[in-house]
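[1] Mind looking at a prediction? Sequence and model below.
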Amino acid sequence: MSHRLPQPQLHGPRLHLREVNHNDALALYAIHSDPQVMRYWSYPAWTQLAQAQAKVEEIIRQRREQDILVWAIAERSSDLLIGTVAVFAFNREQGRAEIGYSLHADWQGRGLASEALQLVLGYVLEDLGLRRIEADIDPRNLRSCRLVEKFGFVREGLLHQRWLVNGEACDSVIYGLLAQDFIAQ
């Protein structure tokens with residue numbers, strides 16, 4: 001078993017990124033039960049709080065057993081979880097991983113996802129020394145595409161009907177970011 005990746009708390013002007021804990025289940029449910037937020041995800045919106053509680057348990061277990069980093073995006077003054085950023089599918093020998101993120105609908109459009117990604121990308125590319133980060137985005141999610149492009153991600157390919165969500169076959173755009181192309185904001 002590989003040694004556990006360090007996951008420091010990260011701080012921005014408006015955000016505090018920390019590990020997910022049991023107290024976050026209700027806030028996580030508020031995000032993942034919203035069909036608007038989940039429209040472009042690879043699974044449908046949750047319908048029961050138990051799904052959020054199970055996800056929190058899974059995150060804690062994965063953190064203990066695997067190379068995965070999941071930060072709670074918390075509003076700095078209240079420490080309320082308003083989203084998450086995950087770095088997963090690590091291949092440490094190849095210096096690469098994937099990134100995913102979500103943000104509660106009430107907190108979107110304020111530059112908070114950008115602030116969170118800036119912190120996480122800086123950490124994994126600079127401090128952990130990864131060479132490459134990938135993002136898998138539904139091409140209809142233009143806001144997410146623009147967000148990663150702002151940091152230097154490049155659209156590298158389109159995978160037709162990659163995900164089946166609620167009976168709908170959905171495409172994926174694969175974005176890649178090389179460490180030397182990272183554009184700090």
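    Sure thing, it's come through.
[2] tell me which element residue 171 falls in.
    Using DSSP states H and E, residue 171 sits within strand 168-178.
[3] what's the answer for residue 160, then?
    strand 154-165.
[4] Which other helices and strands does that strand contact?
    strand 168-178 (3 or more CB pairs under 8 Å, 6 or more residues apart in numbering; DSSP states H and E). (Each C-beta comes from the backbone N, C-alpha and C, glycine too.)
[5] how about residue 48, phi and psi?
    Note on residue 48: its backbone torsions stand at phi -140, psi 140 [degrees, to the nearest 10].
[6] neighbours around it, how many?
    10 (other CB atoms under 10 Å).
[7] What residues sit buried inside the worst-scoring helix or strand of the chain on mean pLDDT?
    Every helix and strand of the chain was ranked by mean pLDDT, DSSP states H and E. The lowest is helix 35-38, at a mean of 90. Using 16 or more other CB atoms under 10 Å as the burial criterion, the residues of helix 35-38 that qualify are 37, 38.
[8] Chain neighbours aside, what residue packs nearest to residue 74?
    residue 16 (4.6 Å; CB to CB, 6 or more residues apart in numbering).
[9] Looking at the helix or strand encompassing the one you found now, give me its mean pLDDT.
    Element membership for residue 16, per DSSP H and E: strand 15-19. Averaged across strand 15-19, the pLDDT comes to 97.
[10] Would it be right to say that residue 93 lies in a helix?
    No: read with DSSP: H, G, I helix; E, B strand; the rest coil, residue 93 is coil and lies in no helix.
[11] Following the chain onward from the strand holding residue 16, which element is next?
    Following strand 15-19 in sequence, per DSSP H and E, is helix 25-32.
[12] buried stuff in the lengthiest helix in the chain?
    In the chain, assigned by DSSP state H, the helix with the most residues is helix 49-65. The neighbour-count check on helix 49-65 (16+ other CB under 10 Å) flags 51, 52, 53, 55, 56, 59, 63 as buried.
[13] May I have the predicted confidence score for the fifth one?
    Turning to residue 56, the model gives it a pLDDT of 97.
[14] again, but for the first one
    Reading off the per-residue confidence, residue 51 sits at a pLDDT of 96.
[15] Now do the contacts for it.
    Residue 51 sits next to 29, 32 when contact means CB atoms under 8 Å, 6 or more residues apart in numbering.
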